[in-house]
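J.: no letters, just coordinates:
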């Protein structure tokens, strides 16, 4: 085998090894959990900012892999306060 073939094979191996995988994400990328009072909880990808309802650790839209979760309960608190206001209006 000549040296040119060896160089070509090595280059092909290097090119194949550096391809981008389908699941990406920076280390420490954490999924955002959005709990709700009555409705089903939903989740948000910090990379593409899209929401989804399945409890998965890979974004179904951009394929970002999550290393953990962080909870954003602002919507839960707003919904809870709204329900309390309704109860006060009804006399409960």
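T.: Nice, thanks for sending it over. Remember, it's a predicted structure, so these values are computed and weren't measured experimentally.

J.: ok, and the closest non-adjacent residue to residue 71?
T.: Spatially, and ignoring its direct neighbours in sequence, residue 71 is nearest to residue 33 (4.7 Å; CB to CB, 6 or more residues apart in numbering). No exception for glycine: its C-beta is placed from N, CA and C like everyone else's.

J.: what about stretch 5-21, average pLDDT?
T.: Across stretch 5-21, pLDDT averages out at 68.

J.: ditto for stretch 60-74
T.: Average pLDDT, stretch 60-74: 95.

J.: how distant is that stretch from the center of its chain?
T.: Relative to the chain's own centre, stretch 60-74 is displaced by 3 Å; criterion: CA atoms, centre = their mean, to the nearest Å.

J.: where do the helices of this structure begin and end?
T.: Secondary structure of the chain (DSSP state H): helices at 3-17, 74-90.

J.: of those helices, which stretch is the most buried?
T.: Among those, helix 74-90 has the highest mean neighbour count (mean count of other CB atoms under 10 Å), at a mean of 11.

J.: with distance to residue 44 added, can I get the helices of the chain in a markdown table?
T.: As requested, the helices of the chain are exported to a markdown table (distance: least, CB to CB, whole Å):
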| stretch | distance to residue 44 |
| --- | --- |
| helix 3-17 | 33 |
| helix 74-90 | 11 |
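
J.: closest one to residue 29 among those helices?
T.: Closest approach to residue 29 among these (CB to CB): helix 74-90, 20.6 Å.

J.: what residues does that closest one touch?
T.: 34-38 (CB atoms under 8 Å, 6 or more residues apart in numbering).

J.: who touches the closest residue to residue 56 other than its chain neighbours in this structure?
T.: Leaving aside its chain neighbours, residue 56 sits nearest to residue 43 (7.8 Å; criterion: CB to CB, 6+ apart). Neighbouring residues of residue 43 by CB under 8 Å, 6+ apart: 31-34, 51-56.

J.: 7 Å instead, please
T.: By CB atoms under 7 Å, 6 or more residues apart in numbering, residue 43 lies in contact with 31-34, 51-52, 55.
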